[in-house]
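In: have a look at this prediction, sequence included:
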Amino acid sequence: MREIKYRGKCVNTGKWVYGDLRQIEKRAYILDYDICDNGVDEQLRLCDIAYEVGPETVGEYIPKMDFYEGDVLLGHEIGIVKYDENTGRIRIIDDSRDWCETEEFSFDSVLGNVHDDYFYWAYVIENGREKERKGENDCD
């Protein structure tokens, strides 16, 4: 069975929380688990803790590549991990505004995510940046 993990930014603290995703109407919650007593007979049990998160900040973990949806990646180009509505898959859009499959994009590190620095990354993607190596495209 495949494990699916999510992260989201907590609306109360602004911190990232990780776990299972639950959506109720237009609200999103990340569930984490802990050991707690039931308050009656001091028996320990597994309990879940629900953190309300901004629905727009929720990202699915991509285990093969070790990043989350919304992450900003640095390779020969900058890429943002996004859901491609045309294909129904998680893909990467690079600073040339080309879509890449996640396996095709070569990256060195995760720079951050669009939810912490959205306007900066939107500017970079919209305006591009000088290519470190002329003629190279990480999607090729």
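Out: Yep, it's here.

In: pretty sure Ala28 is touching Tyr51, no?
Out: No: counting by C-beta atoms under 8 Å, Ala28 sits too far from Tyr51 to count as a contact (9.5 Å). Bear in mind the C-beta positions are built from the backbone N, C-alpha and C, glycine included.

In: anything in contact with each of those two?
Out: Gly8 (C-beta atoms under 8 Å, 6 or more residues apart in numbering).

In: low-confidence stretches in this protein?
Out: In the predicted model, the chain carries pLDDT under 70 at residues 1-3, 34-47, 118-119, 122-140.

In: rerun at 90
Out: Within the chain, the ranges that satisfy pLDDT under 90 run 1-5, 19, 31-50, 61-67, 69-70, 72-140.

In: pop the domain breakdown of the chain in here.
Out: If you go by automatic domain parsing, the domain ranges for the chain are 6-57, 64-127.

In: just send these back as JSON lines, with mean neighbour count too.
Out: Shown next, in JSON lines, are the domains of the chain (neighbours: other C-beta atoms under 10 Å):
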{"stretch": "domain 6-57", "mean neighbour count": "13"}
{"stretch": "domain 64-127", "mean neighbour count": "16"}
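
In: what are the boundaries of the strands in this protein?
Out: For the chain, the strands defined by DSSP state E occupy 6-9, 16-24, 27-37, 44-53, 59-62, 67-68, 71-75, 78-84, 89-94, 99-101, 107-113.

In: and of those strands, who's closest to Trp121?
Out: strand 71-75 (5.3 Å; C-beta to C-beta).
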